[in-house]
Structure formats: C-alpha cells, structure tokens
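Participant: build me a structure from this.
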Amino acid sequence: MTLAELGWTDFFADSYAEIADEKWVLGRLIRETKINFSALLNEGEEVDCVVGGKVWHEATCDADLPAVGDWVAIELGAGDEDEHIIRARLPRRTCFSRKAPGKSSQEQVMAANVDVVVVVTDAGSDFNLRRMERYYTIVSRSGADCVVLVNKSDLFEEEVNEKAREEIQELMPESEVYVTSATRKEGLDVLRGYLKPGITLTMVGSSGVGKSTLVNQLLGEEWLWTGEVNEVTGKGRHTTVARELVVLPEGGMLVDNPGIREVQMWTDEKTLRESFADVEELTLQCKFRDCKHQGDKGCAIEAAVKAGELDMRRYEGFLQLDEEVEELNFRRKKRQMIVERWGKRNVRVKARNREDRIELDKEERGEL
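Facilitator: Numbering: from 1, shown residues only. As a prediction, the model looks like this:
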C-alpha cells in the first residue's frame, strides 16, 4: 500500500516540503483512543503514536490537534519500548466538523481530509429537512462533496421514498441524492462509484439509519456488529462508538462516525448565506437594510412566505441557523476575551514573581 493509495497528494507534499526532517516518516491517522493514535505508514505498516509537546503547545484549540484522517510527521522510537511521537500535523485539505455538543464554543473535528461526506437518512421517523439543511451547511463549509442516501427504502412505499428524495434534492441541489436499501444490498454500487484508490469517504447520520450495515457490506465482512431492528420504530441499534478510518478491499477509505444525535452549527455567516442563496436573494429586496425578517415593515422574506413562494419551514430554519451562528460568534469572542485576560494576568504574575526573586537575591547578598 502506497502513500498515494492512502490519499497522499501534491497538496500534502508541498506542505511537508517546508518542514521535512530526515528523522521523520509520514503517516495517516486511522484511529484515536483516550491515550494515543494509530497511523498507517508507507507499505501499510501500522504504528501507535502519541502527540509531541510542540504539537500540543502550538494548538490554539482542540480542533488544531491531530484527528482521524490527518496526515502527520512521526519520529519513530529507536527501541521496542520507545514511543513513536507525532512531531507535526500537516495542513488539512478539507475538514468536516461541527460545534461540540452542549454549550461549548469549541469545534469538534469529525473527519479530516475527506473527499466525500455521505449523509444517511430514511423516509420515515428520521426524515427532517431542517436537519438536512444543517448537514448541508457544515458539509459545504468542509470543502468535501456531499452525497445523500435515503436508506431503508424497503420499509416504506416507493412514493414515500421518492418524495423524500425529491425534497432533499430540491433543498440540496448540488448534492447527489439516492434511494437505497442496505438490507437488500441495493444502491451499494453508488458508494463504490465514489470509492477509488486515494479517495476518502465518511458517513454521518442519526443512530439506527443503517450506516453500520452499509459499512459491513462495503468491507465484505461483519466489521461492525449491528443490532436487531426494533419492530415498532424500524431502527437498528447503533454500534459505532469511535471514529476510525478503514482501508476498503476494493480501494478507497472510509471514516465511520458514531451516530450524531445533535447537529450544531460550526460555520460562518458567509457559508450560511451561500447555503440559503434563495433566502439571501430575498433579503436584498427588503425595504430596510437592517431588516430582522421577523415582523419588520417591508420584509420581502415574510411577503414571499405569505405568497407561497418560500416554504415556511425553510424560512424558520434560516432564522434558527442565523441565531445559532450569532450565538456561536458571541461565545467565540467571549472565550477569546477570557483567554486574553488570563494571558495578561499571567504576564503580571510572572513579572511580580521575577521582581520578588530579584529583591530576595539582593537581601541574601546584603545589598538591601
């Protein structure tokens, strides 16, 4: 297995050329545990490694630390008991991330350097266009291509599946949307069409939509245990508990993600506006430039909703996402202010301690 088959491109080669060291070897991270990482090296060798001090100290937040899918430079230990140390993380070509669950303002990297993000849903209880909007927004920001699978088609009428596909396609026009059934092994050729040597794909979606079954079939073995389907909800028990990059037998790589229960925004205003281009175009027609689109006089968006030209649910989704981005920006600024304040405090404390040591030295020398 070559580095090219693991996704190595000129982009990474150019980045590494600036920091290359003869003591280092290149590797791609395939697994993360609580204490270390696993990486694949040239010719498929797998090693366990830990993050070096320089990488830790240069990271301004958790998202800057290595993650599954990252390319890293590793210094191999000399002996069997010596640790292999990650000395550098190469810049990411793409980064699929979300806001960490809860009230945190931190970014959570779900997969680094992926080429295609596959969003798996179904036409039943998991179907939610507002959630799909959120996925589309964060996938767009990542730089990866977006593919959607309306899975478990065997549980619903053909008309229901097709209606779900059409609504998602209309919502996400730049994505490829397919109807599949993992249990019937239908539609796997769609995924195989994307999985070529050097290409990395990741699947995301709610628990129980069939992601693990699709992964099993791609691998050709029971790589991930899948639970029985609940007869009432039609959902299987989710079985993926940690992110892992897997090299597939027929070429390409897959990063499997745990089921996502919370799709919080990690994006900026520019990306949000691009994802809602139709709504953004209407904002230009509002009477006032500072229109809040919530009862303001001369609001073109509300007029479009009343005229049936804009779906009320899409309008509400736009407002909610806009509020979340504003809240996230506020939390970022607040965190930055706290970090700067603590930094200034530490400088003052160090200065006082230095002065105290100077005074103490003078006393000991009898100069005072």
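Participant: do a quick rundown of the helices in the stretch 51-200 of the chain.
Facilitator: According to DSSP state H, counting those that start in this stretch, the stretch 51-200 of the chain carries its helices in the segments 53-58, 129-142, 158-171, 188-194.
Participant: nearest to residue 8 among those helices would be which one?
Facilitator: Judged by CB to CB, the one of the helices of the stretch 51-200 of the chain that comes nearest to residue 8 is helix 188-194, at 18.7 Å. For the C-beta atoms, the positions are set from N, CA and C on the backbone; glycine is no exception.
Participant: before we move on, the earlier item: most tightly surrounded among the helices of the stretch 51-200 of the chain?
Facilitator: Mean neighbour count, computed with mean count of other CB atoms under 10 Å, is highest for helix 129-142 among the helices of the stretch 51-200 of the chain, reaching a mean of 22.
Participant: for that one, the averaged confidence score.
Facilitator: The average of the pLDDT scores along helix 129-142 is 85.
Participant: and that helix, what does it pack onto?
Facilitator: Under the contact criterion of 3 or more CB pairs under 8 Å, 6 or more residues apart in numbering; DSSP states H and E, the helices and strands touching helix 129-142 comprise strand 95-99, strand 116-122, strand 145-151, helix 158-171, helix 269-275, helix 312-364.
Participant: hmm, 7 Å instead?
Facilitator: Counting contacts by 3 or more CB pairs under 7 Å, 6 or more residues apart in numbering; DSSP states H and E, helix 129-142 packs against strand 95-99, strand 116-122, helix 158-171, helix 269-275, helix 312-364.
Participant: can you tell me which of these has the worst average pLDDT?
Facilitator: If you rank these by mean pLDDT, helix 269-275 sits at the bottom with a mean of 59.
Participant: next SSE after that helix?
Facilitator: Along the chain past helix 269-275, the next helix or strand (assigned with DSSP states H and E) turns out to be helix 277-283.
Participant: in that following helix, what's buried?
Facilitator: When burial is assessed from 16 or more other CB atoms under 10 Å, helix 277-283 yields the following buried residues: 279, 282-283.
Participant: equivalent analysis for stretch 181-188, please.
Facilitator: Of the residues in stretch 181-188, those buried under the neighbour-count criterion (16+ other CB under 10 Å) are 181-183, 187-188.
Participant: this completes my enquiry, with thanks.
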